[in-house]
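S.K.: Whatever this is, show me its structure:
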Amino acid sequence: MASLLQPDRVLYLVRGEKKIRAPLSQLYFCRYCSELRSLECVSHEVDSHYCPSCLENMPSAEAKLKKNRCANCFDCPCCMHTLSTRATNIPAPLPDDPTKTTMKKAYYLACGFCRWTSRDVGMADKSVASGGWQEPENPHTQRINKLIEYYQQLAQREKLERDRKKLARRRPFMPQAFSEKYGLGTRLQRQRSGAPISALYGLSLKEGEEQKEVSIEPAQALDEVEPLPEDCYTRPINLPEVTTLRQRLLQPDFQPAGASQLHPKHKHLLMKRSLRCRKCEHNLSKPEFNPTSIKFKIQLVAVSYIPEVRIMSIPNLRHMKASARPAVCMESQVLLTLTNPVESITRVGLFTCEEGDPDDINSTAKVMVPAKELVLAGKDAAAEYDELAEPQDFQDDPDVVAFRKSNKIGFFIKVIPQQEEGDVTVAFKMRHDFRNLAAPIRPSEDGETPSEVIWLTHHVELSLGPLVV
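M.R.: From the prediction side, this is the model:
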């Protein structure tokens with residue numbers, strides 16, 4: 001089936017800020033706008049940060065302070081798997097009698113995948129199982145912190161300059177020379193709400209605070225560099241002792257050249273995010289706050305509301321040769337399936353794209369779709385296991401509908417390739433009814449809230465594969 005094994009074979013068009021074609025399994029459906037949404041046309045909001053190993057949850061401010069890394073979990077510097085804490089017994093002298101020894105429990109980090117341990121790089125064992133592991137210090141930490149402070153001050157100064165330009169555009173209605181001649185400038189400044197433009201100079205984000213000037217020394221190039229070792233070209237290379245490019249880039253502050261210089265790194269945090277429609281600002285996806293839960297409070301995926309088209313079988317597609325008679329058309333019959341994801345009966349109509357349709361830009365073949373309306377039964381999870389259930393009689397046309405099973409039908413379309421080579425792509429419009437349960441409607445006299453029925457139209461593209469020569 002196209003949506004399971006080859007999701008790029010059936011694409012739906014999303015008309016957002018820019019037109020995007022994506023599989024239905026990767027789209028969302030806004031029940032309030034009644035439109036498809038992709039990841040490009042929704043707002044992404046970070047709900048929480050958590051460690052994927054220990055599942056510790058922390059707010060965004062704390063995660064930013066810890067540089068988005070967990071304080072307790074480490075990654076293996078060789079294979080990037082999670083390190084585990086191992087316990088062992090080592091001999092230690094007694095405090096009362098140093099000549100005698102006793103077994104003491106010690107802990108070290110070990111990788112269960114590549115067998116790397118913290119002892120390989122000379123890290124001392126710890127007497128407690130958590131925290132307190134030795135970390136190498138970056139010799140350029142002071143220089144980096146000073147550069148960050150300088151550029152923060154520069155960004156703050158540029159922001160104040162932009163604010164001054166915005167205020168400078170608001171010119172007074174009276175010329176400056178006329179106001180100075182009659183002494184009206186002071187009165188206008190008193191009546192005007194806010195401080196004058198000149199008062200903004202020299203102010204930081206906190207009004208009245210003296211701004212500390214941060215100066216940095218420019219970096220200077222050295223004429224003399226450290227010479228290479230004498231045996232650099234004659235010493236045999238031991239590949240297990242040389243780090244890979246990935247291992248060096250994962251530690252950009254040190255970039256270790258040898259395996260003996262690799263140190264464990266704190267594990268990166270993951271985040272749970274919510275998706276919000278930019279048009280109506282309703283949530284499309286909101287996960288549970290608890291990191292141990294994989295459930296969602298809100299999950300408006302498109303496959304739960306929009307009928308899904310799949311490709312079931314494709315015959316050999318051939319193009320009509322120029323030497324053939326004009327009356328001969330190389331028609332191919334393609335079997336598609338249509339699945340109804342909702343519990344109510346859905347009516348679906350298929351239409352070909354008109355000439356000059358701006359959405360139809362990838363078609364390389366003509367398509368003939370069924371003229372009759374297709375009726376899909378509602379989704380019933382128990383009907384698949386109920387052998388005594390009587391099938392509903394929809395009076396299907398055997399030339400159009402190949403089979404019907406529960407909420408799924410198979411139907412035929414005819415395809416006529418228009419190019420002699422390349423892949424065959426067809427496009428058509430799918431129109432179906434949808435009961436908008438989210439729309440606020442006045443309740444009926446019986447106390448039941450009726451559902452509003454609206455008709456939605458989608459542009460669907462099918463990639464049927466290459467032509468057969």
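S.K.: Return the list of strands paired to the helix or strand harbouring T425, each annotated with direction.
M.R.: Assessed by DSSP states H and E, T425 sits inside strand 423-436. Neighbouring strands of strand 423-436 in its sheet, by DSSP bridges, are strand 346-352 (antiparallel), strand 452-466 (antiparallel).
S.K.: OK, contacts around N362?
M.R.: T425, A427, E461 (Cβ atoms under 8 Å, 6 or more residues apart in numbering). For the C-beta atoms, the positions are set from N, CA and C on the backbone; glycine is no exception.
S.K.: change it to 6 Å
M.R.: The neighbours of N362, taking Cβ atoms under 6 Å, 6 or more residues apart in numbering as the test, are T425.
S.K.: rewinding a little: kindly export the strand holding T425 (C-alpha atoms) in CSV.
M.R.: The C-alpha trace of strand 423-436 is given here as CSV (Å, rounded to 0.1, in the frame of the first residue of the first chain):
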residue,chain,number,x,y,z
ASP,A,423,7.4,8.7,-14.8
VAL,A,424,3.6,8.9,-15.1
THR,A,425,1.9,11.3,-12.7
VAL,A,426,-1.8,12.0,-12.6
ALA,A,427,-3.9,14.5,-10.6
PHE,A,428,-7.5,14.9,-9.8
LYS,A,429,-9.8,16.7,-7.4
MET,A,430,-11.5,14.8,-4.5
ARG,A,431,-14.6,16.3,-2.9
HIS,A,432,-16.2,14.8,0.1
ASP,A,433,-18.6,15.8,2.9
PHE,A,434,-17.4,16.3,6.4
ARG,A,435,-19.3,16.7,9.7
ASN,A,436,-17.7,19.5,11.6
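S.K.: Could you export the strands paired with strand 423-436 as a markdown table, including mean neighbour count, distance to A22 and mean pLDDT?
M.R.: Formatted as a markdown table, the strands paired with strand 423-436 follow (neighbours: other Cβ atoms under 10 Å; distance: least, Cβ to Cβ, whole Å; pLDDT from 0 to 100):
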| stretch | mean neighbour count | distance to A22 | mean pLDDT |
| --- | --- | --- | --- |
| strand 346-352 | 18 | 20 | 91 |
| strand 452-466 | 16 | 11 | 89 |
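S.K.: For E135, which of these is the nearest?
M.R.: Comparing those against E135 with Cβ to Cβ, the closest turns out to be strand 452-466 (51.5 Å).
S.K.: got a list of contacts for the closest one?
M.R.: With contact meaning Cβ under 6 Å, 6+ apart, strand 452-466 is reached by 9-13, 309, 314, 359, 423-431, 433-436, 439, 441.
S.K.: just the buried members of those residues?
M.R.: The neighbour count (16 or more other Cβ atoms under 10 Å) marks 9-13, 309, 314, 359, 424-430, 434 as buried among the contacts of strand 452-466.
S.K.: Just give me the least confident of those residues.
M.R.: Among the buried ones among the contacts of strand 452-466, I314 has the lowest pLDDT, at 83.
S.K.: Skipping its backbone neighbours, what lies nearest M123 in space?
M.R.: Nearest residue to M123, sequence neighbours excluded (Cβ to Cβ, 6 or more residues apart in numbering): Q134, at 5.4 Å.
S.K.: State whether that neighbour is indeed within a helix.
M.R.: No. Under DSSP: H, G, I helix; E, B strand; the rest coil, Q134 sits outside any helix and is assigned coil.
S.K.: That one against D125, yeah?
M.R.: No. Using Cβ atoms under 6 Å, Q134 makes no contact with D125, being 10.4 Å away.
S.K.: between these two, which one's more packed in?
M.R.: D125 (16 against 13; other Cβ atoms under 10 Å).
S.K.: what's the more buried one in contact with, if anything?
M.R.: Going by Cβ under 6 Å, 6+ apart, D125 touches A106, Y108.
S.K.: Tell me where the stretch 101-250 of the chain has helices.
M.R.: 141-169, 176-181, 185-191, 245-249 (DSSP state H, counting those that start in this stretch).
S.K.: May I see the ones you listed arranged in CSV, with mean pLDDT and mean neighbour count as well?
M.R.: As requested, the helices of the stretch 101-250 of the chain are exported to CSV (pLDDT from 0 to 100; neighbours: other Cβ atoms under 10 Å):
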stretch, mean pLDDT, mean neighbour count
helix 141-169, 88, 11
helix 176-181, 51, 11
helix 185-191, 50, 11
helix 245-249, 91, 12
